[in-house]
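Undergrad: what's the 3D shape of this:
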Amino acid sequence: MMVTFIAMMIESEAAKSIEAGKRKYRAYFVKTKIYARYKADVDSILTIDGYEDCIVTE
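TA: Numbering: from 1, shown residues only. Below is the predicted model:
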């Protein structure tokens, strides 16, 4: 459930712009480690839904 929520939040920002989606992705996975256990599943959802451009490492 949390995985779906995070993916949805990133995708809704990415619908505005890819940069906004990247900022949201960074907020969840780069700037904090709290959500690290969800990262692989969120990455899978983003890739399947066509938002792989939002996946960043820094």
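Undergrad: OK, contacts around the residue nearest to the spatial centre of the chain?
TA: The chain has Tyr25 as the residue nearest its centroid, 3.9 Å off, counting by C-alpha atoms, centre = their mean. When contacts are counted by C-beta atoms under 8 Å, 6 or more residues apart in numbering, Tyr25 touches Ile10, Leu46, Cys54, Ile55, Val56. (Glycine included, C-beta is placed from N, CA and C.)
Undergrad: And the average pLDDT for stretch 2-20 is what?
TA: Average pLDDT, stretch 2-20: 98.
Undergrad: Use 40 as the first number from now on
TA: With the count now opening at 40, the last piece we talked about shows up as stretch 41-59.
Undergrad: residues making contact with that stretch?
TA: Under C-beta under 8 Å, 6+ apart, the answer for stretch 41-59 is 60-64, 67, 74, 77, 80-81, 84-85, 88, 90, 92-93.
Undergrad: What about the contacts of Tyr64, which are in helices?
TA: If you go by DSSP state H, the contacts of Tyr64 have Ile49, Leu85 in helices.
Undergrad: So which residues of this protein form strands?
TA: Counting by DSSP state E, no segments of the chain form strands.
Undergrad: where along it do the helices fall?
TA: Under the criterion DSSP H, the chain contains helices at 41-55, 57-64, 78-87.
Undergrad: winner for burial among these?
TA: Among the helices of the chain, helix 57-64 has the highest mean neighbour count (mean count of other C-beta atoms under 10 Å), at a mean of 18.
Undergrad: My guess is Lys61 contacts Val95. True?
TA: Yes: using C-beta atoms under 8 Å, Lys61 is in contact with Val95, at 5.2 Å.
Undergrad: Who are the contact partners of Val95?
TA: Lys61, Tyr64, Arg65, Val69.
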